[in-house]
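Asks: fold the following and give me the result.
(chains A and B)
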Amino acid sequence: MWPCAFRAAFARPEHQRNSGFPMHRYRTHTCAQLRPDEVGNTVRISGWVHRIRDHGGVLFFDIRDHYGLTQCVIDPDSSAFGLAETIRAEWVVRIDGTLKARSADTVNADLPTGQVEIFIEEIEVLGAAGDLPMPVFGEQEYPEETRLKYRFLDLRRERLHNNIVTRSKIVAYLRARMAERGFSEFTTPVLTASSPEGARDFLVPSRIHAGRFYALPQAPQMFKQMLMVAGFDRYFQIAPCFRDEDPRHDRAGEFYQLDVEMSFVEQDEIFETFEPVIRGVFEEFGGNKRVTPKLERIPFATAIKKYGTDKPDLRNPIVMENVTSHFAGSGFGVFANQIAADDKVEVWAIPAPGGGSRAFCDRMNKWAQSEGQPGLGYIFYREGEGAGPIAKNIGTERTEALQTQLGLNVGDAVFFVCGLPGKFSPFAGSARTRVGTELKLIDTDRFALCWIVDFPMYEHNEEENRVEFSHNPFSMPQGGIKALEEKNPLEINAYQYDLVCNGYELASGAIRNHSVEIMRKAFDIAGYGPEVLEAEFGGMLRALDFGAPPHGGLAAGVERIVMLICGEHNLREVTAFPMNQQGEDLLLGAPGKATATQLRELHLKLNLPKA
RNA sequence: GGGGGUGUAGCUCAGUUUGGUUAGAGCGCCGGCCUGUCACGCCGGAGGUCGCGAGUUCGAGUCUCGUCACUCCCGCCA
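Replies: So this is what the prediction gives:
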C-alpha cells in the first residue's frame, strides 16, 4: 500500500522542511513530513485529494503529494466545511490548519504521518478535476490503452510513481559509480548516419539536402570508438538509442543504454571495472534479493549446451546433458533412426526434478505440440522403474543408465529432444525454462548474473548460403589476423560478451577491432569487399588509420535493469511515457501526419499503401 | 506478415458451454443518512447500440460469416 512504499522511498526529505519560515504560498510541509513534535502549529500543505471519507458530521481527506499522505479532518464548525463537501478525488488543493495529535485509538500505524492530522481551517482549490477515466487510488488493473492515454493519472499511482523514482535513482547511481571510476560522460549526435548492419533505422528526412536522410542512432557505437581514437580514454553515456522494430515486453523502439568504452584494456579489465557497478546497482536497489557475488564466465557454446540459450536464467537449476549414446542403436526408433542417419544428430536431456508424474509429462508434451514440435519424449521414475513409452522402448538397462548419468531419483522425470542441436537448442532452452517454472524450481529471491563469453565471430546464413557476422562486425577476432587467415571462419570466436541476469541480456560488448588490416580481412570473409567497406564505414576506417588505441566496452540496457529491480515484466512499467505495441504515443498522438508544407519542404511525396 | 486471447455500464468483470420475460455485481458517479474513519458504513438513483456489419432463427449478449480494435506470442530485433 501507499504509506509503506512512501515511507521507504521518501522519508522526510530534510531540504523540504520549512518549519519556522514565513508562510509559503503553497506549503510549509510536504505530505510526508508532519510528526507529533509539531502538534499545535499552524501548517499548510498542498496536494491531491487521494481519498475522501464522509461521515456527515466529520469529513476526512487524505492529501497526497510526491512524498506521502497526510490525513486532514474537518467538521461543521469550520468555515471551510461548505467548500469541503464539494471537493472530489484528485482535485489539487491547498489546506491550512492546526496540527493535532490523534487519540491513541485513531492512530494509523501504517502511515508515517499517522500519529497526527490537520484540522482544516481553510481550503483553496488549486486545480479541480473532472470525472476520472481511471482512479488513482487502489491497485486495480486498467487497460494499457487507457493507462497510456491518461498517463499523467497513471503516473500518479503508487506503483508506477515508485518505479519512475527508482529509475531516476538508478540512473543517478550509475552516473556516480562511473564517474568514480574515472569515466567522463559525453553526448553524441542523435541525428546521424544510417548503419547498414543490425536493426532497421528510424529515418529523418533532410530539408537542406533533398533526398537524403539522417538516421537515429541504434547505439552510439561509432562515436564512442571515435572518442577512444580521440584519446578520451574512458567514456560513458546514458545514451538514447532507437531501433525501428516491433516492440516487445523487454524491448522498445526507443530506449536508453549505459554505454561504456575504455582504451588500453583487455576483456578482463572491462569485466573487473563494470562488475562492481552492475552488482552494486542490484545490491543497492534490489531489496533483500541476493546478488551473485562473483560472476561466472560461461562460453557461448557451453551456455547453448547446458541451457539452450545465450541468455540463461541461472536461477533455474536445470542443466541439460547430451545423452545421445543411450539412444544410439536403441529400441526407440524415432531417435535411433535419426542418430543412425546423421552423425550430427544428438539427443539432449532436460532433467525435471520433482516432475515424475504422467500428468506433468503429458502437460509438457501438449505444450511442446502447441509450440509446433512433434512432441516431447520423456521418462518418469517411480518406485522400482522408469515409466513412459520411451522407457518401454529402450529397456531397463538404458533407462537406468540415463537415471545414473543425470542423477535422477524416484519422483523425477526427464525430457528429451532429438535432432540437429543448432536447430533444436532454442526449443530445448524454452522447455528447460518451462520445466523450471512449472515445477517452481526458480528461486525468485535473487539476481543471478553471469557473463557469456566467446561468441562466434561468424555464423552460417542458410537461406543465402554465406558466412556473415554473428554479432557486432567491429569485434576483435580471437587470434587476430592469423585466425582469420588460417581458421575455418565458423570456428573463430570474437572477444564478444554479454552480461545476463535472470534470463535477460542486460549488456553486450566487445573488445573492438582497432586494426585496419584485420578489419579488411574480417569484412572480406563476410563478403564485403574493400569498396563496400570504404563506402559504408569510411569514417571508421580513417579513424583507425590515424593511430587508434586498443579499446573495448559494453552497453547495458537501462530499462531492463530497472525492470528487474522493480520486479516488473514490461519495460512500459518503468518508462514514464512509453509507446504502445504499435509504436504510437497515445498521450500526444505520435506518429502524426505531416502538413503539405512540411512535406514540400522535405521534398517528400507520400506513397501510401492501398487501403 | 503469421498465430492465440479478449471485446458486455466511466473502470474491473459475471452472464456465451445448452439461444427464451425487464442483461447483473463490485468500484466510481448523483441524491439522502451518518462526528473518528483510514478499502468507512447504510439507503436510494442514474448510467448499456452487449466492438461494428451481415446472416440463421418465431426469438441472438449467446450460434455462423465478415470486419475493426485492443492484448500476448512468433517473424523482425542484441
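Asks: what segments of the stretch 451-600 of chain A are helices?
Replies: Using DSSP state H, counting those that start in this stretch, the helices assigned to the stretch 451-600 of chain A run over residues A:480-486, A:516-525, A:530-544, A:558-566, A:596-601.
Asks: longest helix of chain A?
Replies: As assigned by DSSP state H, the longest helix anywhere in chain A is helix A:158-180.
Asks: grab the nearest non-local neighbour of residue A:369.
Replies: Nearest non-adjacent residue to residue A:369, counting by Cβ to Cβ, 6 or more residues apart in numbering: residue A:375, 5.9 Å away. Where you see a C-beta, it was placed from the backbone N, CA and C, and this is true even at glycine.
Asks: report the separation between the one you found and RNA strand B.
Replies: From residue A:375 across to RNA strand B, the span is 18 Å (Cβ to the nearest atom of the strand, to the nearest Å).
Asks: next one: residue A:226
Replies: 20 Å.
Asks: pretty sure that residue sits in a helix.
Replies: Yes - residue state for residue A:226 (DSSP: H, G, I helix; E, B strand; the rest coil) corresponds to a helix.
Asks: which residues does it contact?
Replies: The contact partners of residue A:226, taken as Cβ atoms under 8 Å, 6 or more residues apart in numbering, are A:539, A:543.
Asks: how near is it to residue A:134?
Replies: 47 Å (Cβ to Cβ, to the nearest Å).
Asks: tell me how many other residues crowd residue A:588.
Replies: Residues near residue A:588, counting by other Cβ atoms under 10 Å, number 9.
Asks: which residue sits closest to residue A:444, ignoring its sequence neighbours?
Replies: Closest to residue A:444 by Cβ to Cβ, 6+ apart is residue A:315, at 7.1 Å.
Asks: so residue A:400 is in which element?
Replies: Counting by DSSP states H and E, the element that carries residue A:400 is helix A:389-406.
Asks: check which helices and strands that helix is in contact with.
Replies: With contacts taken as 3 or more Cβ pairs under 8 Å, 6 or more residues apart in numbering; DSSP states H and E, helix A:389-406 sits against helix A:324-327, strand A:346-352, strand A:377-382, strand A:385-387, strand A:413-419.
Asks: partner strands of the shortest one and their direction?
Replies: Here strand A:385-387 is paired, per DSSP bridges, with strand A:377-382 (antiparallel).
Asks: ok, the second one next?
Replies: When sheet partners are counted by DSSP bridges, strand A:346-352 sits next to strand A:321-322 (antiparallel), strand A:413-419 (antiparallel).
Asks: now do the same for whatever residue of chain A ends up closest to RNA strand B: helix, strand or coil?
Replies: Of the residues in chain A, the one nearest RNA strand B is residue A:56, at a distance of 2.3 Å by Cβ to the nearest atom of the strand. With three-state DSSP as the basis, residue A:56 sits in coil.
Asks: so is stretch A:243-256 next to RNA strand B?
Replies: Yes - using Cβ under 7 Å from any atom of the strand, stretch A:243-256 reaches RNA strand B at A:243, A:245-246, A:248-249, A:251.
Asks: now the residue of chain A most remote from its centre: how far from residue A:268?
Replies: Relative to the mean C-alpha coordinate of chain A, counting by Cα atoms, centre = their mean, the farthest residue is residue A:77 (54.1 Å). Per Cβ to Cβ, residue A:77 is found 74 Å from residue A:268.
Asks: hmm, residue A:303 is touching residue A:312, no?
Replies: Yes - the criterion here is Cβ atoms under 8 Å, and residue A:303 meets it with residue A:312 at 5.6 Å.
Asks: what about stretch A:468-476, start to end distance?
Replies: 15 Å (Cα to Cα, to the nearest Å).
Asks: pull out the buried positions in that stretch.
Replies: A:468-476 (16 or more other Cβ atoms under 10 Å).
Asks: restrict those residues to contacts with RNA strand B.
Replies: Applying Cβ under 7 Å from any atom of the strand to the buried residues of stretch A:468-476, those adjacent to RNA strand B are A:470-472.
Asks: tabulate the residues you listed (CSV), appending pLDDT.
Replies: Below are these laid out as CSV (pLDDT from 0 to 100):
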residue, pLDDT
A:470, 86
A:471, 82
A:472, 83
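Asks: one step back: most neighbours per residue, which of the helices of the stretch 451-600 of chain A?
Replies: With neighbours taken as mean count of other Cβ atoms under 10 Å, these reach their highest mean count in helix A:558-566, at a mean of 23.
Asks: which residue ranges form the helices in the stretch 251-400 of chain A?
Replies: Remark: helices assigned in the stretch 251-400 of chain A by DSSP H, counting those that start in this stretch are A:267-285, A:300-307, A:324-327, A:333-341, A:358-370, A:389-406.
Asks: kindly reformat the ones you listed as JSON lines containing mean pLDDT, distance to residue A:508 and mean neighbour count.
Replies: Converted to JSON lines, these look like this (pLDDT from 0 to 100; distance: least, Cβ to Cβ, whole Å; neighbours: other Cβ atoms under 10 Å):
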{"stretch": "helix A:267-285", "mean pLDDT": "97", "distance to residue A:508": "12", "mean neighbour count": "18"}
{"stretch": "helix A:300-307", "mean pLDDT": "95", "distance to residue A:508": "12", "mean neighbour count": "19"}
{"stretch": "helix A:324-327", "mean pLDDT": "96", "distance to residue A:508": "32", "mean neighbour count": "20"}
{"stretch": "helix A:333-341", "mean pLDDT": "94", "distance to residue A:508": "35", "mean neighbour count": "16"}
{"stretch": "helix A:358-370", "mean pLDDT": "85", "distance to residue A:508": "30", "mean neighbour count": "15"}
{"stretch": "helix A:389-406", "mean pLDDT": "95", "distance to residue A:508": "33", "mean neighbour count": "17"}
